[in-house]
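>>> attaching a predicted model along with its sequence, questions to come.
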Amino acid sequence: MPTPPETRTADRRPHSLPGRRFDLVVTAVMLLDTLAAGLIKDVRDGMPTWGWLPLMLGPLVFPLWRRHPRLVLVVSVGSVLASGPLGVGPLAVVPALVAIAVAMYTGYRALSVTTVFALSAVTALGNLHNAGWTLDSQVVERTLLVVGWLHVALISGLSRRQRDAYMAEAEHVREEAVKRKAADERVRIARELHDSLTHSISVIRVQAGVALHLARKRGDDPPPALVAVEEAAKDATRELRETLTMLRDDDGHRLARLADLADRYRGLGFTIDVECDIDHAAPMGAEADHAAYRIVQEALTNAVRHSGGDAVRVRVHRDADAVTVEVADNGTAARVAPGRGITGMRERVDALGGTLHVGPGEYGFTVRASLPDPAEPAADPAPAAPEHRAELEESR
């Protein structure tokens, strides 16, 4: 069934209505209403056998009012027209009124308005015919009563549709305000981090660099501790930049930098084998990408600090709906005392609804994480706001 133009920006189905059970209740109420009208007519003047069919047909199609409101409207109005000559009274019109309101609510405005005007005209002509084509107060009263209820149904459906559209727009505005507030808060945090940490780390790096330069100028071998301080300051500066970039919503694929991450630790005497089959041209969730990178980074740090081995194996694979990260060293760990690093990894995994294993494995001490990341359609990244780019350049 084609979607009417009026429903392109609004849902055609009434969200406020419950499920199938409520539909059956409405159908039962409508059926009792029309059967009561027919019973009153049968007791009073007699009711032909065929007259029960149109009285029952209109209510019986109401379980379809969510998927096929036009069909319900047509059948309900047809049943009213078919039972009109029987003179069963106004109760038989109730299903048609409800069908008009539902069709108007779900977006079939032209059909609903046309139906109301057609029924109004048929009602006026029918009352005039029964009165012998004499216009009197009784004809006007009966006609206006039916026409009024038809327009009430029409306006009720339209007003409810406009109210729901207003509520949806208000909810959308509220969500956008929350997102803007969160973005502003991230920028504020990034600015605070930049102001409080960048200066101190830069001073440490400059001082260590000057000391190394003076040592080399004198022809002395630089102390290993001083070299380590300078490298740690460089890494801290790089990590701070990445954190600021993430907070400012201008982040790229972090797993694409696994090779650079491994190179940092190879200089410490470790053999690091990296295998990553992530296609960075394909879409990947930023949260899963960031968490996978941080887990590899923390696992490598733990291997360098606490492992008794000299080799680390890093494996990152992508399945249909998950990213699996495994970092294993050839050392041994008889006891594992979870520290801040393992706790942080577990928090990242739990936040994404994944699983984490830390302990002995086939290769050695192993950290294995599974991060849910269903494939999503690729989208062009939105350019960073000018003020965000300016602050990013300032932090560098």
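Nice, thanks for sending it over. Residues are numbered from 1 along each chain as shown.
>>> am I right that Arg368 falls within a strand?
Yes: checked against DSSP: H, G, I helix; E, B strand; the rest coil, Arg368 lies within a strand.
>>> give me the neighbour count for it.
18 (other Cβ atoms under 10 Å). Where C-beta positions appear, they are placed from N, C-alpha and C, glycine not excepted.
>>> what sits against it?
Thr324, Val325, Glu326, Val327, Leu356, His357, Val358, Gly361 (Cβ atoms under 8 Å, 6 or more residues apart in numbering).
>>> what's the neighbour count on the second one?
The burial metric for Val325, expressed as a neighbour count using other Cβ under 10 Å, is 27.
>>> across the sheet, point out what pairs with it.
Val316, Ala369 (DSSP bridges).
>>> wait, doesn't it sit right on Arg294?
No: counting by Cβ atoms under 8 Å, Arg294 is not a contact partner of Val325; they are 9.8 Å apart.
>>> just to revisit the earlier point, now restrict the contacts of Arg368 to buried residues only.
Thr324, Val325, Glu326, Val327, Leu356, Val358, Gly361 (16 or more other Cβ atoms under 10 Å).
>>> residues contacting the third one?
Which is Glu326. Arg313, Val314, Arg315, Val316, Gly361, Thr366, Val367, Arg368, Ala369 are the contacts of Glu326 under Cβ under 8 Å, 6+ apart.
>>> so where does the nearest residue to Val227 once chain neighbours are set aside fall, helix or strand?
Closest residue to Val227 apart from its sequence neighbours, by Cβ to Cβ, 6 or more residues apart in numbering: Leu212 at 6.8 Å. According to DSSP states H and E, Leu212 maps onto helix 199-217.
>>> burial of Ala262, as a residue count?
That count, for Ala262 with other Cβ under 10 Å as the rule, works out to 18.
>>> quick revisit: got the buried residues for the helix holding Leu212?
Of the residues in helix 199-217, Ile201, Ile204, Arg205, Ala208, Ala211, Leu212 count as buried by neighbour count, 16+ other Cβ under 10 Å.
>>> for the chain, what helix or strand is lowest in average pLDDT?
helix 386-395 (a mean of 39; mean pLDDT, DSSP states H and E).
>>> pLDDT below threshold where in the stretch 1-150 of the chain?
Residue ranges of the stretch 1-150 of the chain with pLDDT under 70: 1-18.
>>> what do you get if the cut-off is 50, keeping everything else the same?
1-17 (pLDDT under 50).
>>> ok, back up a step: quick check, nearest of the contacts of Glu326 to Gly89?
Ala369 (70.9 Å; Cβ to Cβ).
>>> wait, the closest one sits on Leu356?
Yes: using Cβ under 8 Å, Ala369 is in contact with Leu356, at 4.9 Å.
>>> list of residues touching the helix or strand containing Glu298?
Here Glu298, judged by DSSP H and E, is contained in helix 286-306. The contact list for helix 286-306 (Cβ under 8 Å, 6+ apart) reads 246, 251, 253-255, 257-258, 261-262, 265, 268, 270, 272, 309, 312, 314, 316, 323, 325, 327, 329, 331, 333, 341-342, 344-345, 348-349, 351-352, 365, 367, 369, 371-373.
>>> just the pLDDT for the residue sitting nearest the centre point of the chain.
Residue closest to the mean C-alpha point of the chain, counted by Cα atoms, centre = their mean, is Glu175 at 11.4 Å. As predicted, Glu175 sits at a pLDDT of 84.
>>> now the end-to-end length of stretch 72-91.
With Cα to Cα, to the nearest Å applied, stretch 72-91 spans 18 Å between its terminal residues.
>>> mind giving me the domain split of the chain?
8-175, 253-381 (automatic domain parsing).
>>> spit out the contact partners of Val146.
Pro90, Val93, Leu119, Ser120, Thr123.
>>> sorry, back to before: is it true that the residue nearest to Val227 touches Val229?
No: under the criterion of Cβ under 8 Å, Leu212 makes no contact with Val229, lying 9.2 Å away.
>>> can you give me the helices for the stretch 101-250 of the chain?
109-130, 137-193, 199-217, 224-247 (DSSP state H, counting those that start in this stretch).
>>> could I get the average pLDDT for the last one?
So the one you mean is helix 224-247. 75.
>>> one more: the third one?
Over the span of helix 199-217, the pLDDT mean works out to 80.
>>> contacts for it, please.
Asp221, Pro222, Pro223, Leu226, Val227, Val229, Glu230, Ala233, Lys234, Ala236, Thr237, Leu240.
>>> make it 6 Å
With contact meaning Cβ atoms under 6 Å, 6 or more residues apart in numbering, helix 199-217 is reached by Pro222, Leu226, Val229, Glu230, Ala233, Ala236, Thr237.
>>> turn those into TSV, columns for distance to Met56 and neighbour count.
Formatted as TSV, the contacts of helix 199-217 follow (distance: Cβ to Cβ, whole Å; neighbours: other Cβ atoms under 10 Å):
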residue	distance to Met56	neighbour count
Pro222	97	15
Leu226	94	15
Val229	89	18
Glu230	89	20
Ala233	84	20
Ala236	79	17
Thr237	79	18
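>>> could I get those residues as a markdown table with distance to Asn130?
A markdown table is the format used below for these (distance: Cβ to Cβ, whole Å):
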| residue | distance to Asn130 |
| --- | --- |
| Pro222 | 111 |
| Leu226 | 108 |
| Val229 | 103 |
| Glu230 | 103 |
| Ala233 | 98 |
| Ala236 | 93 |
| Thr237 | 92 |
